[in-house]
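S.K.: no FASTA, just this:
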């Protein structure tokens, strides 16, 4: 008795389902990717160093925010911490000169929204030279 061997058929690969899976993965990664948002306000972050930088006498605006959120512009207390008040004070102090550096000094316990308000107003007015003041950390402090 002669048994015929199994016919040898060429296997077929169905690429349709593979392509569907690849497209679904592509769409998933595109949707879940966070895109970098560029800030409208450029900030020069300070660097702490052992040696203090040489003092250069430059006209600048110094915006100070205490722990309760009270704001001072060049040692003059502002009436309140509303954006319109900060805007008016900056416009009065700077005039048309938007190249003046603005130094933001905030107490470590200042609520975050006061700092954000100050940064937002300076950015809206067109100031591009904003620095946030820091202090040198004590030795052994963590």
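M.R.: Done, it's in. Only a predicted model underlies this, so the values are computations on that prediction, with no experimental measurement involved.

S.K.: which ones are touching residue 104?
M.R.: Residues near residue 104 by CB atoms under 8 Å, 6 or more residues apart in numbering: 63, 65, 115, 118-119, 122, 130-133. Quick note: C-beta positions are derived from backbone N, CA and C, even for glycine.

S.K.: run the last query once more with 6 Å
M.R.: By CB atoms under 6 Å, 6 or more residues apart in numbering, the residues touching residue 104 are 63, 118, 132.

S.K.: In the chain, where is pLDDT below threshold?
M.R.: The chain contains residues with pLDDT under 70 at 1-6, 34-58, 137-142.

S.K.: One more pass at 80, please.
M.R.: 1-8, 11, 13, 33-58, 134-142 (pLDDT under 80).

S.K.: Now residue 92: which helix or strand?
M.R.: helix 83-94 (DSSP states H and E).

S.K.: Pairing partners for whichever helix or strand comes after that helix, with directions?
M.R.: Sequence-wise, the next helix or strand downstream of helix 83-94 (DSSP H and E) is strand 102-106. Strands that pair with strand 102-106, judged by DSSP bridges, come out as strand 61-65 (parallel), strand 130-132 (parallel).

S.K.: Let's have those strands in JSON lines, adding mean neighbour count.
M.R.: Converted to JSON lines, those look like this (neighbours: other CB atoms under 10 Å):
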{"stretch": "strand 61-65", "mean neighbour count": "21"}
{"stretch": "strand 130-132", "mean neighbour count": "17"}
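
S.K.: Export the ones you listed to CSV and append columns for distance to residue 13.
M.R.: What follows is the strands paired with strand 102-106, written out as CSV (distance: least, CB to CB, whole Å):
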stretch, distance to residue 13
strand 61-65, 66
strand 130-132, 59
